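Engineer: Structure, please.
(chains A and B)
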Amino acid sequence: MAKEEKKQSIAAFITPRSEDFSQWYTDVIIQTQLCDYTPVRGCMAIRPYGYAIWERIQQEMDSRFKEQGVENVSMPMLIPESLLLKEAEHVEGFAPEVAWVTHGGTEKLQERLAVRPTSETIFCEMYSRWVQTWRDLPMKYNQWCSVMRWEKSTRPFLRTSEFLWQEGHTIHATPEEAEEETLSMLELYREVAEDVLALPVYVGRKSDKEKFAGARATYSMEAMMQDGKALQAGTSHNFGTNFAEAYNIQFQSKAGKLEYVHETSWGVSTRLIGAIIMTHGDERGLRLPPVIAPIQAVILPIAAHKPGVLEACEKLNAELKAAGIRVKLDDRDTVSAGFKFNDWELKGVPVRVEVGPRDLENGVVTVFRRDLCEKVTLPLEGLADALKDLLAGIQKTLYNQAKAFRDERTKTVSNIDELGEQVQNGFAKAMWCGDQACEDMIKEKFNATSRNMPFDQEAHKCGDTCVCCGKKADKVIYFAKAY
RNA sequence: CGAGGUGUAGCGCAGUUUGGUAGCGCGUUUGGUUCGGGACCAAAAGGUCGCAGGUUCAAAUCCUGUCACCUCGACCA
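Structural biologist: Predicted coordinates for the structure are as follows:
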């Protein structure tokens, strides 16, 4: 009976995922100390454990950017109103969510300054000064920074007023190069999402309705959360010469002619952390993919007061560290082993290595893998190599589980009723005529939006009439409710 | 911006209907016993009840206003 009570109190730490997904998410992020609410409306504080995940994502992304010849820069946080206003579509898209600086100290400013919601405009302005000739091209710059958008409703990591991200901005001499850049950055994002974050994604092109304000074409990767809703996890835009014309970014070509540059931009944000939580988390809390887990393995001394236990743990700690595993020895003597088990499971550490007197007698350790919540016994000898294999296996398992879930919840639909039903549950793959009126109606009826159109349309073709209006249709597209 | 909800100790809440000494659980601190799945005992610290005004002998409680946050919409990179 006492046991039952205890069980209930443990369960009470997190709202069951099955009961209330939204509350589960909030409970998990707060209790794992990834972030916290602040006195600033819609803005969160990212705590050390959450920021460590972001740093891992940054490292993985940044090294790949650099391999692609992208260089990092830093642009001002404030953008003069006149500069922001130069490209009409862009302004219209962002105006409702811009925060303004109106005063410097006690003096009212001559011209308001926008807190950047994104930095296309300032990059354009600077590119127009920096580029002269075709020999200067391409220019491929990126910045890691925060931006601010005055969102009406916010959720930690998924949509906050201020958020951390990277924004890459490139300019090219030809449309072909710009398109190639746009697609190769999307591919880079897909690779990081799937191989590093274990997030299966659908990549494809956005409809005109859903594309970025001022873009000729927008491509995205879309992940499915455990409630069946879509999360746009990264975007890559091809602006053509749209911004170049508005901001007068010209260069002299080989033929001696003045031409506009072809421009791209692409970004991912701390939203990816939200995606990891909502994709891999379970009833016990987080499950972090080993590649980005700040702590990959935690060593837990059992009966630490018994002779030899702590020493063995310290030795193992040094060995695993030397082998390149991000390991932590939890030698707190203020909490029980049972508490630590739950604590590290909540925090999603991929493996836990238990070292107790009984293990040491037999020259083994007890290893718990967080993905399957299973315990296995491994020999102490050569443990580092065994753990590396195990971590690789966990990475794969998390990806496979997420992919199986997504695939199961993605269904081809052929009429509006089927679509309406399917988007309650997951992604609907359908044929679409290309008319925005159909997207509007689907949004109106089911609160679902088009996500993107797969690149290999022929391979995904699933009919020839529009899911909404029934007219002739030649586009395959995914619909879903989205975050 | 619309609908609903919540503001009382670090956290979670009761108390508000019917005004009358500020409560409970968890956590924290100290000491002791424990230690292979969220330990136990004892003692202690901690709150101008979101904020402002009003009614009253007396307000966490009633009235007016206001702010913040949460959920669901609407809006949206």
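Engineer: Flag the shaky bits of the stretch 1-150 of chain A, pLDDT-wise.
Structural biologist: Residue ranges of the stretch 1-150 of chain A with pLDDT under 70: A:1-12.
Engineer: confidence score at the residue sitting nearest the centre point of chain A?
Structural biologist: Compute the mean C-alpha point of chain A, and by Cα atoms, centre = their mean the closest residue is residue A:272, 1.7 Å away. On pLDDT, residue A:272 comes in at 95.
Engineer: What lies in contact with the helix or strand hosting it?
Structural biologist: Using DSSP states H and E, residue A:272 sits within helix A:271-280. Residues outside helix A:271-280 that contact it (Cβ atoms under 8 Å, 6 or more residues apart in numbering): A:25, A:28-29, A:34, A:50, A:53-54, A:57, A:155-159, A:163, A:193, A:197-199, A:223-227, A:231, A:233-234, A:286-289, A:292, A:348, A:398, A:401-402, A:483. Quick note: C-beta positions are derived from backbone N, CA and C, even for glycine.
Engineer: Output that helix in CSV with nothing but the alpha carbons.
Structural biologist: Extracted in CSV, the C-alpha atoms of helix A:271-280 (Å, rounded to 0.1, in the frame of the first residue of the first chain):
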residue,chain,number,x,y,z
ARG,A,271,13.1,25.2,-31.9
LEU,A,272,15.1,22.1,-32.7
ILE,A,273,15.4,21.5,-29.0
GLY,A,274,11.6,21.5,-28.8
ALA,A,275,11.6,19.1,-31.7
ILE,A,276,13.9,16.7,-29.9
ILE,A,277,11.8,16.8,-26.7
MET,A,278,8.5,16.3,-28.5
THR,A,279,9.9,13.5,-30.8
HIS,A,280,11.9,11.4,-28.4
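Engineer: CA atoms only: put the next helix-or-strand element following it into CSV for me.
Structural biologist: Sequence order places strand A:297-301 as the next helix or strand after helix A:271-280, per DSSP H and E. The C-alpha trace of strand A:297-301 is given here as CSV (Å, rounded to 0.1, in the frame of the first residue of the first chain):
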residue,chain,number,x,y,z
ALA,A,297,26.9,8.4,-19.9
VAL,A,298,26.5,8.9,-16.2
ILE,A,299,28.4,6.7,-13.7
LEU,A,300,26.5,5.9,-10.5
PRO,A,301,28.4,4.5,-7.6
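Engineer: which is the next helix or strand following strand A:297-301?
Structural biologist: Counting by DSSP H and E, the next helix or strand C-terminal to strand A:297-301 is helix A:309-322.
Engineer: Please see if stretch A:223-236 touches RNA strand B.
Structural biologist: Yes - judged by Cβ under 7 Å from any atom of the strand, stretch A:223-236 and RNA strand B are in contact via A:232, A:234, A:235.
Engineer: For the last one, which three-state class applies?
Structural biologist: Using DSSP: H, G, I helix; E, B strand; the rest coil, the three-state assignment for residue A:235 comes out as strand.
Engineer: Any idea what it is bridged to?
Structural biologist: Per DSSP bridges, the residues bridged to residue A:235 are residue A:220, residue A:267.
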